[in-house]
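Student: I'll drop the sequence and a predicted model, then ask my questions.
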Amino acid sequence: MSEFLIRFGVVSFIGALFEPIMRPLFRVPGSGGFVWAMGLASGFPAGAKLTARLRQEEKITAVEGERLVSFTNASNPLFIFGAISVGFFQNAALGIVLAASHYVGNIIVGLVMRFYGSNEPLPKKRNHYPKRFSIKYAVQLMHEERLNDKRPFGKMMGDAVHSAIQTLLMIGGFIILFSVLNEILNIINITLIISFFITIILGFLQMPNELSPAIIQGLFEITLGSQLVSNSVKSTLLQQAVIVSFILAFNGLSVQAQVASILSETDIRFRPFFLARCFHGFVSAFLTYYLFDWLYVENSAPMGDHVIPVFQHTDVSSLFIYPYNWLLEWGFFITASSLLIWVVLNLFKYQQK
């Protein structure tokens with residue numbers, strides 16, 4: 001859908017509307033608002049992919065791209081609430097804490113990264129958006145960009161599906177690669193050496209050593225690390241939430257490799273993104289520690305006998321369990337059918353050549 005939105009000029013529309021917000025706060029063009037929104041909705045690596053797309057179309061500079069990708073590549077709410085909170089912890093209320101710390105931490109990273117590249121000269125070519133909100137001007141820009149794309153609708157749909165399938169295959173490939181790499185390191189006992197240093201840090205933070213293997217797994221792949229944290233029996237829920245928040249914000253080397261692969265097609269450097277992930281990890285863990293009592297304990301405290309809950313017969317967790325179970329049941333068929341569509345599109349492309 002993001003491919004369709006880009007081709008229909010929605011990026012220019014949002015860029016004109018959000019220029020007065022994105023430029024003063026994050027020092028990126030207003031079109032970064034579109035990347036930010038799609039990154040939050042789609043999860044990683046959508047933010048990196050769309051940032052690279054804007055750079056290839058010269059709508060942002062390399063430094064602006066490095067600022068933008070640092071805070072737009074985030075985990076989506078379905079993964080935080082459905083997979084981790086409900087799927088692993090069986091606790092939907094925990095998702096509020098994780099989501100709040102994750103997204104607030106992203107905003108903090110964006111505000112800090114606005115000072116990155118302050119010595120860089122201003123770009124010679126900049127989008128001359130109005131300083132105030134102007135819907136008329138935004139609609140005009142969207143219409144002009146839509147007219148510039150001469151491709152028929154069928155061609156546009158084929159390119160969008162082809163791009164999405166390629167990204168899907170890349171994500172799955174990197175997840176498998178780093179899962180296997182993690183297992184190899186465990187077999188040759190490299191993990192034990194890394195675990196020794198992590199145990200020292202956990203002891204300083206007064207956390208159980210049992211979390212050390214989960215942190216190592218999480219540094220490589222988010223899903224495996226979060227699952228191991230949820231299986232820990234010697235740690236409290238607060239300690240588990242802090243570690244999971246760090247893993248989510250750090251993104252894991254698997255996601256970072258995906259981002260590096262996408263950014264390699266542009267002149268956007270990977271190092272600022274990596275430093276931003278490390279900073280986001282510590283900020284998110286810090287926020288989780290201080291927001292936990294306020295967002296989780298007080299809101300989920302048992303109600304007195306004199307209080308009648310409004311949604312007494314509604315199971316909140318079922319709202320997330322149902323789509324999660326549905327994805328588990330039909331996810332393979334969705335992937336297989338998408339793969340088949342990709343093969344058919346490639347066959348048609350080769351025939352046309």
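Tutor: Here it is on my side, so go on.

Student: give me the low-pLDDT residue ranges for the stretch 1-150 of the chain?
Tutor: Residue ranges of the stretch 1-150 of the chain with pLDDT under 70: 120-134, 136-138, 141-143, 145-147, 149.

Student: Could you pull out the helices in it for me?
Tutor: 2-7, 10-26, 32-42, 46-56, 62-72, 77, 94-113, 135-148 (DSSP state H, counting those that start in this stretch).

Student: Next one: the residue nearest to the spatial centre of the chain relative to residue 36, how far apart?
Tutor: Nearest to the geometric centre of the chain sits residue 74, at 2.2 Å (CA atoms, centre = their mean). Here the criterion is CB to CB, to the nearest Å. By it, residue 74 lies 9 Å from residue 36. (Each C-beta comes from the backbone N, C-alpha and C, glycine too.)

Student: any residues in contact with both of the two?
Tutor: residue 47 (CB atoms under 8 Å, 6 or more residues apart in numbering).

Student: still on that earlier bit, who's in contact with the residue nearest to the centre of the chain?
Tutor: 39, 40, 43, 44, 47, 102, 103, 106 are the contacts of residue 74 under CB under 8 Å, 6+ apart.

Student: out of these, who's nearest residue 224?
Tutor: Within the contacts of residue 74, proximity to residue 224 (CB to CB) peaks at residue 44, which comes in at 15.6 Å.

Student: Run a quick neighbour tally on the closest one.
Tutor: Residue 44 has 23 neighbouring residues, counting by other CB atoms under 10 Å.

Student: Find the nearest non-adjacent residue to residue 225, please.
Tutor: Closest residue to residue 225 apart from its sequence neighbours, by CB to CB, 6 or more residues apart in numbering: residue 218 at 2.2 Å.

Student: thinking that neighbour is in contact with residue 227, fair?
Tutor: No. Counting by CB atoms under 8 Å, residue 218 stays clear of residue 227, with 9.4 Å between them.

Student: Counting neighbours around each, name which of those two comes out higher.
Tutor: Legend: neighbour count by other CB under 10 Å for residue 218 and residue 227, higher for residue 218 (28 against 19).

Student: hang on, the earlier thing: and of the helices of the stretch 1-150 of the chain, who's closest to residue 212?
Tutor: With CB to CB as the measure, helix 94-113 is the member of those nearest residue 212 (20.8 Å).

Student: starting at the chain centroid, how far to that closest one?
Tutor: Averaging C-alpha positions (CA atoms, centre = their mean, to the nearest Å) puts helix 94-113 11 Å from its chain's average.

Student: One more: stretch 53-61?
Tutor: 20 Å.

Student: Pull up the distance across it, start to finish.
Tutor: End-to-end span of stretch 53-61 (CA to CA, to the nearest Å): 12 Å.

Student: Going by neighbour count, list what's buried in that stretch.
Tutor: Neighbour counts over stretch 53-61 (16 or more other CB atoms under 10 Å) mark 53, 54, 55, 59, 60, 61 as buried.

Student: Out of these, the closest to residue 166 would be?
Tutor: Checking the buried residues of stretch 53-61 against residue 166 by CB to CB gives residue 53 as the nearest, at 13.2 Å.

Student: residues in contact with that closest one?
Tutor: Residue 53 is in contact with residue 6, counting by CB under 8 Å, 6+ apart.

Student: can you check residue 102 too?
Tutor: Neighbouring residues of residue 102 by CB under 8 Å, 6+ apart: 74, 75, 80, 245, 248, 249, 284.

Student: hmm, try it at 10 Å
Tutor: 40, 74-75, 77, 80, 244-245, 248-249, 280, 283-284, 287-288 (CB atoms under 10 Å, 6 or more residues apart in numbering).

Student: Would you map the helices across the stretch 251-353 of the chain?
Tutor: In the stretch 251-353 of the chain, the helices defined using DSSP H, counting those that start in this stretch lie at 252-263, 271-292, 318-352.

Student: so who does residue 169 touch?
Tutor: Applying CB under 10 Å, 6+ apart to residue 169 gives the contacts 335, 338, 339, 342.

Student: top of those by neighbour count?
Tutor: residue 342 (18 neighbours).
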